[in-house]
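**Student:** mind folding the following:
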Amino acid sequence: MILTRILEHKKAELRRKQSRGYLSTMKTRITDKAAPLGFINAIKSGHSSSTPALIAEIKKASPSQGLMRAEFKDHFEPVEIATQYRDAGAHALSVLTDQEFFQGSLDFLASVKDAVDLPVLNKEFMVGEIQFYEARAYGADCVLLIVAGLDRIQLEDFFVLATELHLDVLIETHNERELDVVLERIPNATLIGINNRDLKTFATDLGITERLAKRIPSDKLIVSESGIHTRDDVVKIFEAGAQAMLIGESLLRANSIEEKIKELLPTETAPSEEPSEVRWV
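**Tutor:** Below you'll find the model as predicted:
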């Protein structure tokens, strides 16, 4: 399974960073950083009675799809993409930082955070404590914990560490068993992700959001991830209970990021046009 390969490679990466000097450098960088922006607050203020908030993802490539766009081979500008996302109405950003499988970089995260005033998720496979210091040092406002890749003790300890570093946490689940672990072991978790992608086949099914959302208490914020391509998809996950959606592929592959976001997000009808209704553009 690809997740197993990624996690094993990530552990090997971290072994090469296991030195007091590296961790000390990260801690020093953190002292010079401004306080993180509120990722959870951006989701709360971004979703409305008619639409989920949009977390727009910056991703150069993936193991299953390769490069998101052919031109990314020679021209990939994370700040340019982030600026387009912000200008088109995204409420938060996600930046892939894994290099081996997604051709990402922590430098992408840092450059985006320096240029665009939106909260940013460090989209990474977290397997060791050093990564949380890295995330904070490079400007992340939120980190990802993938339940399928962690044991219960790691999940609890990493959640506590992230909180101590003033980072919000998105906890990603794929099935009922993983969701039950989160609800039981981390009752203070606010942001729960539901990944619609099967980690074995990479097929996506929005029915996973519809199924799992019913089990999530109303005081949590649900983020539907993967497989969201059309406005019908947005309506489906919103009606299922998602307050936010994490979208990368369909935005990056679109001819126009701005037009694609307009397609996915509804806008309120102008007062002169029937103000009681919502218009999808």
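**Student:** secondary structure class for the residue nearest the centre of the chain?
**Tutor:** Among the residues of the chain, the one closest to the centroid is Ser94, at 4.6 Å (C-alpha atoms, centre = their mean). Per DSSP: H, G, I helix; E, B strand; the rest coil, the local secondary structure of Ser94 is strand.
**Student:** so it is in contact with Leu118, correct?
**Tutor:** No: checked against C-beta atoms under 8 Å, the pair Ser94 and Leu118 is beyond contact range at 10.4 Å. In this view, the C-beta of every residue, glycine as well, is placed from N, C-alpha and C.
**Student:** one step back: residues contacting the residue nearest to the centre of the chain?
**Tutor:** The contact partners of Ser94, by C-beta atoms under 8 Å, 6 or more residues apart in numbering, come to 55-58, 120-121, 123, 246, 248.
**Student:** for Glu129, same thing?
**Tutor:** Counting by C-beta under 8 Å, 6+ apart, the residues that Glu129 touches are 158, 161.
**Student:** quick one: pLDDT of it?
**Tutor:** Note on Glu129: pLDDT of 96.
**Student:** what separation do you get for it and Ala140?
**Tutor:** Using C-beta to C-beta, to the nearest Å, Glu129 is found at 15 Å from Ala140.
**Student:** what do you get for Ala61?
**Tutor:** Ala61 is 20 Å from Ala140, by C-beta to C-beta.
**Student:** the two: who's more crowded?
**Tutor:** Ala140 (32 against 18; other C-beta atoms under 10 Å).
**Student:** by contact count, what packs against the longest helix seen in the chain?
**Tutor:** As assigned by DSSP state H, the longest helix anywhere in the chain is helix 2-17. With contacts taken as 3 or more C-beta pairs under 8 Å, 6 or more residues apart in numbering; DSSP states H and E, helix 2-17 sits against helix 129-137.
**Student:** buried residues of the helix it packs on, list them for me.
**Tutor:** 130-137 (16 or more other C-beta atoms under 10 Å).
**Student:** pairing partners for the helix or strand following it, with directions?
**Tutor:** Sequence-wise, the next helix or strand downstream of helix 129-137 (DSSP states H and E) is strand 142-146. Sheet pairing here is set by DSSP bridges, and for strand 142-146 it gives strand 120-123 (parallel), strand 168-173 (parallel).
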